[in-house]
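*Asks:* Predicted model follows, preceded by the sequence.
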Amino acid sequence: MLARMHQAGMLSSGMIGDPDPFTACVNALELFRVDDVVISTLPDERSGWMRANLIERVKGATPVPVEHVVVDLATATAAPAA
């Protein structure tokens, strides 16, 4: 994903984080200079992250904008194996 973002001209960085998504976000916010946070989830009815109120919890943990993107399962395709 980072290679795709760089090819698109986006300055980005990343790392393998904690298995808990909230802890991973908080750790990343401490380690990186962050302008925006983008969290992609499955639709509400299928997302454990949404049931755990992840978006609102992350918004409460940072002053930077947090954007929530929901995958469109009807048009999503499987990514090729790395």
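*Replies:* The structure has been received and is ready for your questions.
*Asks:* what packs against the helix ranked longest in the chain?
*Replies:* With secondary structure taken from DSSP state H, the chain has its longest helix at helix 21-31. The contact analysis (3 or more CB pairs under 8 Å, 6 or more residues apart in numbering; DSSP states H and E) places helix 21-31 against strand 37-41, helix 54-61. The C-beta positions use only the backbone N, C-alpha and C, and glycine is treated the same way.
*Asks:* which of the residues in stretch 52-65 are buried?
*Replies:* When burial is assessed from 16 or more other CB atoms under 10 Å, stretch 52-65 yields the following buried residues: 54, 55, 58, 59.
*Asks:* Let me have the residues you listed in CSV, adding pLDDT as columns.
*Replies:* Shown next, in CSV, are those (pLDDT from 0 to 100):
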residue, pLDDT
54, 96
55, 96
58, 97
59, 97
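*Asks:* Put together CSV for those, with distance to residue 11 on each row.
*Replies:* Putting these into CSV (distance: CB to CB, whole Å) gives the following:
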residue, distance to residue 11
54, 25
55, 24
58, 21
59, 23
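*Asks:* In contact with the residue nearest the centre of the chain: list those residues for me.
*Replies:* Taking CA atoms, centre = their mean as the criterion, residue 39 is the residue nearest the geometric centre of the chain, at 3.0 Å. Neighbouring residues of residue 39 by CB atoms under 8 Å, 6 or more residues apart in numbering: 21, 25, 49, 54, 55, 58, 66, 67, 68, 69.
*Asks:* circling back: what angle do helix 54-61 and the longest helix of the chain make with each other?
*Replies:* Helix 21-31 and helix 54-61 are oriented at 30 degrees to each other (axes from the mean of the first three to the mean of the last three CA atoms, to 10 degrees).
*Asks:* And the residue nearest to the centre of the chain, how far from residue 17?
*Replies:* Per CB to CB, to the nearest Å, residue 39 is found 12 Å from residue 17.
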